[in-house]
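Asker: how does the following fold in three dimensions:
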Amino acid sequence: MAVHLKKIDTRDLRIGMYVEALDRPWLETPYLLEGVDIKTDADIDELRALCSHVYIRSDEPWDAEPHDGHAHTAHDVIPPLGDRTPRSFRQELPVARKIHDNARGLIRTIHEEISENRRPDTAAVSEVVEQMMDSVARHPDALVWFSNLKSRDEYTAIHSLNVCMQAVSLATFVGNDERAIKEMGIGALLHDVGKIKIPLAILNKPGKLTDAEYDEIKKHPQYGVEILEKASGLTPASLDIVRDHHERLNGRGYPAGLRGSEISYYTQIVAIADVYDAMTSDRVYQKGRTPAEALKLMASFEGDFNDELLRQFTDYHGEYPIGTLVELNTGEVGFVIPSPERQEKPTVLLVLDFKKRRYFPQRVRDLMRFPKFFVNRMLAPGTHGVDVEDFAESWEV
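Answerer: Have a look, this model is predicted:
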């Protein structure tokens, strides 16, 4: 007879339960044998110290409710604006997913409104940016997890969303004025709307652009400003980002060849997020680079970016950004997740074994605790058919 397992939070463990599986390999724990018959409070304390959740037999007479009295799902309600009560990564993840999905739908709607010569809903943009700011304040990594979602077929919309999330996260990490971050986020989310006026044959051209085609591409910032100037509620600071996000500190950018302080501080943040996401995404004309490759290449663009901001952006992400897909020296594959504290080696949510078969249950491996394991290489999103969105859903509390 097959044993059916039920996943429960370790805070809901009781004496008398039998634990069949953990959220990590048994070899990473002090247990000599697989399976724990909970007989004492000490057994429970040890499991809680090691694991966030475990798996018990579903036919046992336990009907443990989640510790806060309700199930957390991807459909959790987004907290009211201004609610920045700290949450764990796993608690914030379903809320961040909801914010991400809402923002993704909003960008599609805005593009439709602009295509139909209607005024875009900038009030909705303002609200979703505030939701992002609140999410980053509750936990700095949950929203960034979803910036690893990439879609070549929906590049402009997903790219705009990722740039906004990355820019808001960096500005919050550095510590900046709330109103300025909001204005920056609005500009970042709308920074590429001018591409609606660029022919798709140019945007999606797989080969090298002609000089005339590239000149047309360089018009999209001004197109964006012209579109958004007709909308109500956008500040000059937000419009500056739309117009200037391709400018470079050394004057080699476009459309106006601005230099140094002529480019606003918040536009400089968006410029870094813009190039980073573009480099780490698959395009019709190039394969996406790994985060490490992108950051190294950006650092080599002498004078393009604000050196201090680029250093802070690199520090924020670390060598292995949250949500990065990696392969260990064992051949196992997983996603980088937040570690309890900043450390040299990442913590990895393992989802595939060395034969690239799905792990059940998924397991967490802190590479600082187990030095014989290390990251062999970073993988592109979607490699081996695994996606951060799939595993966010299955890993949420």
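
Asker: at which residues are the helices of the protein located?
Answerer: 41-50, 89-115, 122-138, 142-145, 155-174, 178-189, 200-203, 211-217, 220-228, 236-244, 265-279, 291-300, 307-317, 388-395 (DSSP state H).

Asker: mean pLDDT lowest for which of these?
Answerer: Among the helices of the chain, helix 388-395 has the lowest mean pLDDT, at a mean of 62.

Asker: list the contacts of the biggest strand by length in the chain.
Answerer: Looking across the chain with DSSP state E, the single longest strand is strand 358-366. Under the criterion CB atoms under 8 Å, 6 or more residues apart in numbering, residues 5, 7, 21-25, 28, 52, 55, 328, 334, 337, 339, 345, 347-353, 373, 391, 394-395 lie in contact with strand 358-366. All C-beta atoms are positioned from the backbone trio N, CA, C, and that covers glycine.

Asker: ok, and for it, which residues are buried?
Answerer: Residues P361, Q362, R363, V364, R365, D366 are the ones in strand 358-366 that count as buried (16 or more other CB atoms under 10 Å).

Asker: and stretch 206-213, by the same measure?
Answerer: Those would be E213, for stretch 206-213 by 16+ other CB under 10 Å.

Asker: picking that back up, quick one: strands adjacent to the longest strand of the chain?
Answerer: Sheet pairing of strand 358-366 (DSSP bridges) gives strand 347-352 (antiparallel).

Asker: quick one on the thing from earlier: what subset of the contacts of strand 358-366 is buried?
Answerer: 5, 21-25, 28, 52, 55, 328, 334, 337, 339, 345, 347-352, 373, 391, 395.

Asker: rewinding a little: mind giving me JSON lines with the helices of the chain and columns for distance to G257?
Answerer: Converted to JSON lines, the helices of the chain look like this (distance: least, CB to CB, whole Å):
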{"stretch": "helix 41-50", "distance to G257": "58"}
{"stretch": "helix 89-115", "distance to G257": "27"}
{"stretch": "helix 122-138", "distance to G257": "29"}
{"stretch": "helix 142-145", "distance to G257": "32"}
{"stretch": "helix 155-174", "distance to G257": "22"}
{"stretch": "helix 178-189", "distance to G257": "20"}
{"stretch": "helix 200-203", "distance to G257": "22"}
{"stretch": "helix 211-217", "distance to G257": "14"}
{"stretch": "helix 220-228", "distance to G257": "12"}
{"stretch": "helix 236-244", "distance to G257": "11"}
{"stretch": "helix 265-279", "distance to G257": "14"}
{"stretch": "helix 291-300", "distance to G257": "20"}
{"stretch": "helix 307-317", "distance to G257": "20"}
{"stretch": "helix 388-395", "distance to G257": "38"}
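
Asker: deepest-packed of these, please.
Answerer: Ranked by mean neighbour count, the helices of the chain are led by helix 142-145 with a mean of 27 (mean count of other CB atoms under 10 Å).

Asker: which helices and strands sit right next to that helix?
Answerer: helix 89-115, helix 122-138, helix 155-174 (3 or more CB pairs under 8 Å, 6 or more residues apart in numbering; DSSP states H and E).
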